[in-house]
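# What follows is a predicted structure for the sequence shown.
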Amino acid sequence: MAPGRDLLLPALLAAACAALRVEPPPAAGGGEALRLGGGRQAANTTRVMTMAVKGCTVSEVSAGWTGKVVYAVFTSAIPAYRDNLVAEMDTWAAGPAEEGRFVAVGGRDYPGGWQSANVLRSDCGDLKHNLSCKEAALLAEGAARGADWLVVVGEDNYVHTDRVDRFLSSKDPDTAVAFGTIGCGKGLYCRDSEGFNEYGGFCGGGGYIISRAALQRLLTGGAPALHSVYDRTPWPNDMMTSCQLRKHDVLMSKVLTMYGFHMFGITEYKRVAQTALTAHYLRPAVMRWYHALVQGAPDSVRTPLEEAAFSRGCAVEMNTSAWAPEFGECLRKEALWRSFPRW
């Protein structure tokens with residue numbers, strides 16, 4: 001467990017607040033205008049990094065988000081999800097958390113002992129359909145604090161943060177754009193959106209990345225308006241956000257290496273690790289082994305983690321009744337692979 005995880009922060013993310021876009025005032029003499037969040041820009045531009053949010057109390061964890069890539073996770077009070085979140089914070093999320101650009105948000109019943117400087121409670125419920133409410137809270141906070149990019153994932157995602165940071169370094173956060181795997185939900189959700197009907201929404205398993213300009217568009221009607229759409233919907237959170245992005249004319253751009261599929265065999269994990277921005281369905285034991293793999297840890301570190309995570313080359317945490325056929329196929333494939341001679 002990372003140092004400082006036990007320091008509690010009794011902070012609540014506001015579930016409803018009114019947002020107001022604030023343009024940077026012109027400087028005296030018309031030369032330059034001070035940009036919210038730091039820096040200077042030409043007086044005739046309309047670039048806004050932060051939003052003033054009426055009636056909304058933003059959390060301390062977001063104080064340093066302006067101009068940064070922020071990693072955001074929705075979580076719940078179910079112990080298994082807590083275990084996944086701890087595994088994330090012990091691996092890929094440790095660096096961003098130390099830098100103040102990682103946040104996880106649970107529901108109103110999220111245990112106080114599980115909260116920390118980066119893990120917060122919201123006013124949302126803690127059932128599956130409340131994920132949209134939690135996501136709305138993250139979107140509002142990201143817009144209010146002027147994050148360049150908000151990377152939204154779940155507790156069982158591994159994020160190659162160095163690759164994501166490099167990928168985004170050449171992109172303009174003042175362009176209303178979002179990145180992810182596209183094509184899910186056509187004909188099932190958001191039928192009043194022509195773009196959604198034609199192209200679908202984000203397949204949320206691999207997560208998605210939303211620019212500052214896109215966040216501001218989602219919040220132009222105020223956070224209460226956003227929550228009124230998100231809080232009581234039976235739709236999955238990725239479908240809700242995709243629908244709102246389509247309706248606000250945000251460009252949704254496909255990224256092929258944000259992987260949302262499940263994996264079973266160690267061979268596949270190793271293959272995905274070579275190119276992924278994000279990977280999905282990594283349970284705690286595999287998460288820790290995978291992190292050691294991508295970090296180039298020595299065999300003395302990686303081998304015990306591999307032995308804990310895999311049996312006959314297949315991830316033991318994926319050996320469930322729901323995935324029994326796939327796990328059996330993994331055992332067959334891994335045995336065949338291991339029978340090939342090595343040159």
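Nice, thanks for sending it over.
# which ones are touching the closest residue to Thr267 other than its chain neighbours?
Nearest residue to Thr267 in three dimensions, chain neighbours excluded: Trp337, at 5.7 Å (Cβ to Cβ, 6 or more residues apart in numbering). Just so you know, the C-beta spots here come from the backbone N, C-alpha and C atoms, and that holds for glycine as well. Counting by Cβ atoms under 8 Å, 6 or more residues apart in numbering, Trp337 makes contact with Gly265, Thr267, Gly313.
# mean confidence score for the helix or strand where Trp337 lies?
Element membership for Trp337, per DSSP states H and E: helix 324-339. Averaging pLDDT along helix 324-339 gives 91.
# Kindly export it (C-alpha atoms) in PDB.
Presented in PDB, the C-alpha positions along helix 324-339 are these (Å, rounded to 0.1, in the frame of the first residue of the first chain):
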ATOM      1  CA  ALA A 324     -15.500 -21.100 -17.500                       C
ATOM      2  CA  PRO A 325     -15.500 -21.900 -21.200                       C
ATOM      3  CA  GLU A 326     -13.000 -19.100 -22.000                       C
ATOM      4  CA  PHE A 327     -10.700 -20.200 -19.200                       C
ATOM      5  CA  GLY A 328     -10.800 -23.800 -20.400                       C
ATOM      6  CA  GLU A 329      -9.900 -22.600 -23.900                       C
ATOM      7  CA  CYS A 330      -7.000 -20.600 -22.400                       C
ATOM      8  CA  LEU A 331      -5.700 -23.700 -20.700                       C
ATOM      9  CA  ARG A 332      -5.800 -25.500 -24.100                       C
ATOM     10  CA  LYS A 333      -4.100 -22.700 -26.000                       C
ATOM     11  CA  GLU A 334      -1.400 -22.000 -23.400                       C
ATOM     12  CA  ALA A 335      -0.600 -25.700 -23.300                       C
ATOM     13  CA  LEU A 336      -0.300 -25.800 -27.100                       C
ATOM     14  CA  TRP A 337       1.900 -22.700 -27.100                       C
ATOM     15  CA  ARG A 338       4.200 -24.100 -24.500                       C
ATOM     16  CA  SER A 339       4.600 -27.300 -26.500                       C
END
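# Name the residues of that helix that are buried.
Within helix 324-339, the residues that count as buried by 16 or more other Cβ atoms under 10 Å are Glu326, Phe327, Cys330, Leu331, Lys333, Glu334.
# How far off centre is it?
31 Å (Cα atoms, centre = their mean, to the nearest Å).
# same deal with stretch 305-324?
With Cα atoms, centre = their mean, you get 25 Å for stretch 305-324.
# and the end-to-end length of it?
Terminal residues of stretch 305-324 lie 23 Å apart, using Cα to Cα, to the nearest Å.
# who touches it?
Residues contacting stretch 305-324 (Cβ under 8 Å, 6+ apart): 262-267, 269, 281, 283-286, 288-289, 292, 326-327, 330-331, 334-335, 337-338.
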